[in-house]
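Peer 1: Build the 3D model from these lines:
(one chain, ligands or ions: 1)
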Amino acid sequence: MINDHDLQLNIKHVKQKIAEAASRAGRNPDEILLVGVTKTVDVETMQRSYDFGITHFGENRVQEYIRKSDIIKRDCFWHIIGRLQTNKVKYLDQRISLIHSLDRISLAEALQARGQKIDYVFPVLVQVNVSGESTKAGIESENLKDFLLSLSKMGNISVKGLMTIAPYTEEPGDVRHIFKKLKKLSVDMARERVENISMEVLSMGMSGDYTIAVEEGSTIVRIGSALYGERVY
Ligand SMILES: *Cc1c(COP(=O)(O)O)cnc(C)c1O
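Peer 2: Have a look, this model is predicted:
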């Protein structure tokens, strides 16, 4: 488990890197939300990181979210960031600030039904498979507009923007290219002015590539290991 000193140092370091990248791109660092990715991180560590300034947490398993949110003694914000199984949607509640990984119509329908049942409008991002790798989750770029049109009719889902996961590569130029493409997609989709669809949020950038993501317009970075240390599964 990471000690207070290292945790504080990591948070400070990541925030500073974000600020530097923002300033290189002529952006205001306050536009960028830092979400601490806390899969496998224990609740006690999460509480400490909250006290050091990380108030948004990202989980990729619904069970882990439920377990932790029930016991954590902080007033934090919750994000669901990983592949979301349709049969887990029934456990989602009003404490969810943002779902980053809406990637198929069956999941949208499940969220719409759940939202109706609990009288909640789920804020969501559409996950896009920008690289087109067959192994990656997400809507293909060419199908994005039609997907958004279907979502616009669902009153218990509110699309706030787009999310992507860049492929793992040693080549920073490849990653930048992916982030540029997502930014362009969001600008193009915003121009379509689809009812009930906003393109304000761009969730891109993880521990290995968040500075590039910020330079390319990210508004949410999802950071796990750079804050909490390497994960132990
Ligand atoms: C695990 C995870 C992250 C954080 O990854 P790190 O490399 O540890 O920063 C971000 N986004 C998603 C979707 C993840 O599953």
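
Peer 1: In three-state terms, how would the residue lying closest to Tyr228 once chain neighbours are set aside be classified?
Peer 2: Leaving out its chain neighbours, the residue that sits closest to Tyr228 by C-beta to C-beta, 6 or more residues apart in numbering is Val41, at 5.0 Å. Where you see a C-beta, it was placed from the backbone N, CA and C, and this is true even at glycine. Using DSSP: H, G, I helix; E, B strand; the rest coil, the structure places Val41 in coil.

Peer 1: Can we start the residue count at 45 from this point?
Peer 2: Right, with 45 as the first residue, what we last looked at is Val85.

Peer 1: Isn't Val85 up against Ile267?
Peer 2: No - with contact defined as C-beta atoms under 8 Å, Val85 does not count as touching Ile267 (11.6 Å).

Peer 1: Going along the chain, name the strands of the chain.
Peer 2: Here the chain has its strands, by DSSP state E, at 77-81, 100-103, 121-124, 140-146, 166-173, 183-184, 201-207, 241-247, 264-267.

Peer 1: how about the residues of this protein near the ligand?
Peer 2: By the rule C-beta under 6 Å from any ligand atom, the part of the chain lying against the ligand is 81, 83, 104, 125-126, 209, 250-252, 266-270.

Peer 1: Tell me which two of these sit farthest apart.
Peer 2: Gly126 and Ala270 (17.7 Å; C-beta to C-beta).

Peer 1: How many residues are close by the residue of the chain found nearest the ligand?
Peer 2: The nearest approach of the chain to the ligand comes at Gly268, 2.7 Å away (C-beta to the nearest ligand atom). When neighbours are counted by other C-beta atoms under 10 Å, Gly268 registers 21.

Peer 1: How about it: what's its closest non-neighbour residue?
Peer 2: Distances taken as C-beta to C-beta, 6+ apart put Val81 closest to Gly268, at 3.5 Å, once the chain neighbours are dropped.

Peer 1: Provide a list of residues in contact with that neighbour.
Peer 2: Residues near Val81 by C-beta atoms under 8 Å, 6 or more residues apart in numbering: 101-104, 125, 250, 266-268, 271-272.

Peer 1: Repeat that for His57.
Peer 2: Contacts for His57 were tallied using C-beta under 8 Å, 6+ apart; they are Ala270.

Peer 1: And it, how far from Ala65?
Peer 2: From His57 across to Ala65, the span is 13 Å (C-beta to C-beta, to the nearest Å).

Peer 1: go on, Val85?
Peer 2: From Val85 to Ala65 the distance is 24 Å (C-beta to C-beta).

Peer 1: how about the helices of the protein, start to end?
Peer 2: Assigned by DSSP state H, the helices in the chain fall at 48-68, 87-95, 106-115, 149-162, 188-195, 216-236, 254-259, 269-272.
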